[in-house]
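Asker: Quick check, what structure comes out for this input:
(one chain, ligands or ions: 2)
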Amino acid sequence: MSAPVPGVAVSVARPGPDWLADSVAAAGGRLVPPGPDTEALLWFGGDLADLRSALDAAPGTRWVQLPSAGVDSYADAGLLDSPGITWTSAKGAFSRPVAEHALALTLATLRHLPERARARSWGRPAGTSLFGADVLVLGAGGIARTYLDLLAPFGTRNVVVRRQAAPVPGTERTVTTDQLHAELARADVVVVAAALTTRTRALLGADELAAMRPGAVLVNIARGGLVDTDALVAALASGRLGGAALDVTDPEPLPDGHPLWDLPTALVTPHTADTREMIEPLLRARVEENLRRFVAGETLDGVVDPVAGY
Ligand SMILES: NC(=O)C1=CN([C@@H]2O[C@H](COP(=O)(O)OP(=O)(O)OC[C@H]3O[C@@H](n4cnc5c(N)ncnc54)[C@H](O)[C@@H]3O)[C@@H](O)[C@H]2O)C=CC1
Ligand SMILES: O=C(O)C(=O)CO
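Answerer: Ligands and ions are numbered 1, 2, ... in the order given. Reported below is the predicted structural model:
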């Protein structure tokens, strides 16, 4: 009988980044093809059929690391329910670039930059300052918290809506979604930074958009599915909302000819809050830290709760 090979067996479902082999070795693991030895499986994106095949080939997998903060597509595919597997995401890891983009979108939409950037004549002065504004943030995860930090110099009055009313630093109060309508009516800026789950899909529908303060602006850097797109188009077209700045849309990619492209108060960026170059070192740090923890038997970072869906 041959002696067992030392080191935790780590597999990658599809070819991974260049640094991966070094990272696995540095953590005390050994990289093996997905198979009966596999204990940890790393997934860097691609066709989910390949992830399923790797999991089928590696029935002893105890941990799967995902490459994104949002796991809605994996939840929708029924993958997170796999018994005996801990799933980790990149939740919180991309907070800085995404919160920075959210701040850029906030300022741009308050200052009517979408219209002014497209204008070819001088026009009327218009726009609102962020200083002292009432800001409502949906979600209390990594991005929401970093965004609240970035707001500090603006002296905004911040409120967070989250699943539980536990306090969040930098806010006047934290409330649960049953108080969403009342809070929407008080906000100048509404920022969507929550995970897309069965509970948050279309959280901002026609009724919620109607509850917003006239002239208020909406920023979405989370997932398009949290907002009812048709209702948003109607609220912008009627002039009731002051503007919307969206890094994420439903559908995504936003098709050519969609009304959101032409509405003067809409600003769309094509899911570029965190570009590949921005993500790479952040994801690497998350993967390397989790490899170290897995080998050491410690609690992993970014563990997904399959029931909550994020
Ligand atoms: N535009 C982009 O490039 C990016 C978008 N994202 C999206 O942003 C989301 C947030 O990212 P992170 O802050 O890193 O994730 P996170 O997992 O740290 O935060 C998610 C937050 O969603 C909130 N949430 C969940 N269910 C809720 C409910 N029923 N009601 C109210 N709030 C609820 C919770 O407060 C939770 O903390 C991700 O799930 C992802 O979809 C993430 C990274 C980049
Ligand atoms: O990490 C995520 O969820 C993203 O959307 C990356 O762009």
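
Asker: all strands for the chain, in order.
Answerer: Using DSSP state E, the strands of the chain run over residues 8-12, 29-31, 40-42, 63-65, 86-88, 134-138, 157-162, 173-176, 189-192, 217-220, 243-246, 266-268.

Asker: which one of those strands lies closest to Gly302?
Answerer: With C-beta to C-beta as the measure, strand 86-88 is the member of the strands of the chain nearest Gly302 (4.5 Å). No exception for glycine: its C-beta is placed from N, CA and C like everyone else's.

Asker: quick one, what contacts the closest residue to ligand 2 within the stretch 201-310 of the chain?
Answerer: Ligand 2 sits closest to Asp274 of the stretch 201-310 of the chain, with a gap of 5.1 Å, by C-beta to the nearest ligand atom. Contacts for Asp274 were tallied using C-beta atoms under 8 Å, 6 or more residues apart in numbering; they are 94, 97-98, 101, 282.

Asker: Restricting to C-alpha, output the longest helix along the chain in PDB.
Answerer: In the chain, with assignment by DSSP state H, the single longest helix is helix 276-296. Taking C-alpha atoms only, helix 276-296 is exported to PDB below (Å, rounded to 0.1, in the frame of the first residue of the first chain):
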ATOM      1  CA  ARG A 276     -10.700  42.800 -13.700                       C
ATOM      2  CA  GLU A 277      -7.500  44.700 -12.800                       C
ATOM      3  CA  MET A 278      -9.100  46.100  -9.600                       C
ATOM      4  CA  ILE A 279     -10.400  42.700  -8.600                       C
ATOM      5  CA  GLU A 280      -7.300  40.500  -9.200                       C
ATOM      6  CA  PRO A 281      -5.200  41.400  -6.100                       C
ATOM      7  CA  LEU A 282      -8.300  41.600  -3.900                       C
ATOM      8  CA  LEU A 283      -9.500  38.100  -5.000                       C
ATOM      9  CA  ARG A 284      -6.000  36.700  -4.700                       C
ATOM     10  CA  ALA A 285      -5.800  38.000  -1.100                       C
ATOM     11  CA  ARG A 286      -9.200  36.400  -0.200                       C
ATOM     12  CA  VAL A 287      -8.200  33.000  -1.800                       C
ATOM     13  CA  GLU A 288      -4.800  32.900  -0.200                       C
ATOM     14  CA  GLU A 289      -6.200  33.800   3.200                       C
ATOM     15  CA  ASN A 290      -8.900  31.100   2.900                       C
ATOM     16  CA  LEU A 291      -6.400  28.500   1.700                       C
ATOM     17  CA  ARG A 292      -4.300  29.300   4.800                       C
ATOM     18  CA  ARG A 293      -7.400  29.000   7.100                       C
ATOM     19  CA  PHE A 294      -8.600  25.800   5.400                       C
ATOM     20  CA  VAL A 295      -5.300  24.100   5.900                       C
ATOM     21  CA  ALA A 296      -5.100  25.300   9.500                       C
END
